[in-house]
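Colleague: Take a look and give me a structure for this.
(2 chains)
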Amino acid sequence: MTNCSDMQPRLAVYADGELAAKLRAPVEAHLADCQKCRTEVERWQALRRCAQRAIASEALPPGLEQRLRQRLHTQSGTARRRLIKFVVPGLAAAAVIVVAVLLYLPGSGGGSVALAAVDVSAEDFARIYRKCAVDGHHDSHNCRGMSAQDARELLARELGFKPLVADLSAHGYVLGGACKCFPVRDLRVIHVHYLSQDTQAQVVSLFSADRRVRLKAASPFNGAPDRGRPDRSYEVAQAGQVNVLKWDEQRVSFALCSQMEQEQLLELAGAADFARFLRQLPAYARGPDR
Amino acid sequence: MPAKAEKSFEELAVPHLELVYRVARRLCRDEHEAEDLVQETYLKAYKAFSRFEMREFGIKPWLLKILHNTFLNRLARERRAPRVADHKNMEQMHEAPGAGSEISEPPALDYEKLDSEVKRAIDQLQPEFRTVLLLWGTMEVSYQEIADILGVPIGTVMSRLHRARQALTRALHDYAREHRLIPASEQ
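Modeller: As a prediction, this is how the structure comes out:
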């Protein structure tokens, strides 16, 4: 009988059905007489089944396939747009403008119809705030420390549209990072967080949603008259120590999230470059349904 | 190739979304990151589709290869440093204290009862080993396909897989011992 130690290196490969044909026969001959090695083969097979079950237990997030198909269609439209521009330069300019407005319109989902509003609780926002901003400093786009302008351009290149990256440096905040972690399913957001320049202890999150958000259990809030903006209707809600301030702009919503006082959040929300951003991006400022 | 000429990217690639997501999910260890990774993978694949040739294995290994490369790019970006795969060092680094180059006997354990711990154990593996183990664990790709996906020799796949399996075994064994799921005589 062949020695077990000679068989050892081949047993796991045999268990996977990957052993070369010429090596299989001696292994099988050994297994026929060796309970210990048979057990080991069974163990490796059980381990693989266990891994398979664990991997297969991850259900596809609801709506992912739909979102992916939508993005592929958008991409397909972009490719066609490029082709038109290349082949018919004279017509391209007008075509590109029209297609770009339709495709890059946050809140449009690639068309001119606004996406359905979703309900989000303060705790949903607070969870991402705690996880990505306070604890993790999540920065999947390497924006940390960048100026708002640079971060906006970087994100525009990576995302295909210009997200809102407010410049809060005048208020003593530096950019801590940006990610796309969303508070609830079926809501796409850009989440940018800021750290206070002095101690970096104070953290603020800004969420730019791709559609209207209905903030659960929210109250209207416009704060002191000199701080609020008459053209906006703010709402606030709380999750523990975390305050969430939300407002709508045409077909999309923004939310600021922090442990600071609501009045302070309101002051940040009134930062000048929000308005400048909205002017720069017609898609946000005036949708086609206006 | 005829199959490609007759079918669109969506028709060929979207049916593998579940597999791609599952691998991505455990690679990233975070569902949001996983979804981002999957979408980026598919968009890259879509853009490169005109250069794709079906060959003998079909589109699945190609998608997994793009997933793997995209994941590595993200990892490198997160680490803010160029990433060179030094297989030897990685494998030495990953080697458990006291583990020699010889093959140690896997501990006796009923793995079937430890499903819930497997994910945790997989998550603890270094990315290079995690990737191999995940691809192997899907039971949908062969060693050779894994080698093609990762762009490494099949011997490297087998070596990494061996170490990943050993690490997984050890992790589960520790869990079983802690929970007294195996007899004291075998601990």
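
Colleague: Domain boundaries for chain B, per the record?
Modeller: B:2-79, B:87-186 (automatic domain parsing).

Colleague: tell me the mean pLDDT over the first one?
Modeller: Looking back up the chat, that one is domain B:2-79. Taken as a whole, domain B:2-79 has a mean pLDDT of 84.

Colleague: ok, back up a step: wait, which of the domains of chain B is closest to A:Ala21?
Modeller: domain B:87-186 (14.4 Å; C-beta to C-beta). Bear in mind the C-beta positions are built from the backbone N, C-alpha and C, glycine included.

Colleague: Now the helix or strand containing A:Gln8: buried residues?
Modeller: Using DSSP states H and E, A:Gln8 falls within helix A:4-15. Neighbour counts over helix A:4-15 (16 or more other C-beta atoms under 10 Å in any protein chain shown) mark A:Met7, A:Arg10, A:Leu11, A:Ala12, A:Val13, A:Tyr14, A:Ala15 as buried.

Colleague: again with stretch A:195-210
Modeller: Using 16+ other C-beta under 10 Å as the test for burial, stretch A:195-210 gives A:Leu195, A:Ser196, A:Gln202, A:Val203, A:Val204, A:Ser205, A:Leu206, A:Phe207, A:Ser208, A:Ala209, A:Asp210.

Colleague: same thing with stretch B:124-142?
Modeller: B:125, B:127-138, B:140-142.

Colleague: In chain A, what residue lies closest to chain B?
Modeller: A:Ala51 (3.4 Å; C-beta to the nearest C-beta).

Colleague: Next one: that residue from A:Glu65, what distance?
Modeller: The spacing between A:Ala51 and A:Glu65, counted by C-beta to C-beta, to the nearest Å, is 25 Å.

Colleague: higher neighbour count, those two?
Modeller: Between A:Ala51 and A:Glu65, counted using other C-beta atoms under 10 Å in any protein chain shown, the more crowded position is A:Ala51 (26 against 15).

Colleague: Pretty sure A:Leu175 is one of the things A:Arg152 touches, is it not?
Modeller: No. Taking C-beta atoms under 8 Å as the definition, A:Arg152 is not a contact partner of A:Leu175, at 10.2 Å.

Colleague: intersection of neighbour lists for those two?
Modeller: A:Val165 (C-beta atoms under 8 Å, 6 or more residues apart in numbering or on different chains).

Colleague: Now name the helix or strand holding the nearest residue to B:Glu140 once chain neighbours are set aside.
Modeller: Excluding the flanking residues, the one nearest B:Glu140 by C-beta to C-beta, 6 or more residues apart in numbering or on different chains is B:Leu19, at 6.2 Å. According to DSSP H and E, B:Leu19 maps onto helix B:17-28.

Colleague: buried sites along that helix?
Modeller: When burial is assessed from 16+ other C-beta under 10 Å, helix B:17-28 yields the following buried residues: B:Leu17, B:Leu19, B:Val20, B:Tyr21, B:Arg22, B:Val23, B:Ala24, B:Arg25, B:Arg26, B:Leu27, B:Cys28.

Colleague: And for A:Glu235, the neighbour number?
Modeller: 20.

Colleague: what's the closest residue in space to it that isn't next to it in sequence sitting at in phi/psi?
Modeller: In space, and not counting its chain neighbours, A:Glu235 is closest to A:Ala218: 3.9 Å by C-beta to C-beta, 6+ apart. With angles defined as degrees, to the nearest 10, A:Ala218 sits at phi -90, psi 160.

Colleague: A:Asp248 is in contact with A:Ala218, correct?
Modeller: No. With contacts counted by C-beta under 8 Å, A:Ala218 stays clear of A:Asp248, the gap being 11.8 Å.

Colleague: All the helices of chain B, residue numbers only.
Modeller: Assigned by DSSP state H, chain B shows helices spanning B:2-6, B:9-13, B:17-28, B:31-48, B:59-79, B:87-94, B:115-123, B:127-137, B:143-150, B:154-178.

Colleague: Now the helix or strand following the helix holding A:Gln8: average pLDDT?
Modeller: Next helix or strand after helix A:4-15 toward the C-terminus (DSSP H and E): helix A:21-33. What helix A:21-33 shows for mean pLDDT is 90.

Colleague: Give me the residues contacting helix A:21-33.
Modeller: Counting contacts by C-beta under 8 Å, 6+ apart, the residues outside helix A:21-33 that touch it are A:Met1, A:Thr2, A:Cys4, A:Met7, A:Arg10, A:Leu11, A:Tyr14, A:Leu19, A:Cys37, A:Arg38, A:Val41.

Colleague: residue contacts, the closest residue to chain A within chain B?
Modeller: Among the residues of chain B, B:Gly137 lies closest to chain A, at 3.4 Å counting by C-beta to the nearest C-beta. Taking C-beta under 8 Å, 6+ apart as the criterion, B:Gly137 is in contact with A:Arg48, A:Ala51, A:Gln52, A:Ala54, A:Ile55, B:Ile122.

Colleague: The fifth one: helix or strand, and which one exactly?
Modeller: A:Ile55 is part of helix A:35-56, with elements assigned from DSSP H and E.

Colleague: Which strands or helices does that helix pack on?
Modeller: Contacting helix A:35-56 under the criterion 3 or more C-beta pairs under 8 Å, 6 or more residues apart in numbering or on different chains; DSSP states H and E are the following elements: helix A:4-15, helix A:21-33, helix B:17-28, helix B:115-123, helix B:127-137, helix B:154-178.

Colleague: how about those in TSV, adding distance to A:Ser140?
Modeller: Below are the helices and strands packed on helix A:35-56 laid out as TSV (distance: least, C-beta to C-beta, whole Å):
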stretch	distance to A:Ser140
helix A:4-15	36
helix A:21-33	45
helix B:17-28	10
helix B:115-123	18
helix B:127-137	16
helix B:154-178	26
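
Colleague: quick one: what helix or strand has A:Pro183 in it?
Modeller: Counting by DSSP H and E, A:Pro183 is found in no helix or strand.

Colleague: quick one, phi/psi of it?
Modeller: Torsion angles, degrees, to the nearest 10, at A:Pro183: phi -70, psi -40.

Colleague: The one 3 residues further on now?
Modeller: Backbone torsions of A:Asp186, given as degrees, to the nearest 10, read phi 70, psi 10.

Colleague: domain assignment for chain A?
Modeller: Per the record, chain A has its domains at A:4-56, A:64-103, A:118-285, by automatic domain parsing.

Colleague: my read: A:Met7 touches A:Cys37, true?
Modeller: Yes. Counting by C-beta under 8 Å, A:Met7 touches A:Cys37, with 5.6 Å between them.

Colleague: re earlier: identify the residue spatially nearest to the residue of chain B closest to chain A, adjacent ones excluded.
Modeller: Using C-beta to C-beta, 6+ apart, the closest residue to B:Gly137 is A:Ala51 (3.4 Å).

Colleague: What score does that neighbour have for pLDDT?
Modeller: At A:Ala51, pLDDT is 87.

Colleague: Equivalent analysis for B:Glu102, please.
Modeller: On the pLDDT scale, B:Glu102 is placed at 39.

Colleague: A:Ala188 - how many residues pack around it?
Modeller: Not quite, residue A:188 is Arg, not Ala. For A:Arg188, using other C-beta under 10 Å, the count is 15.
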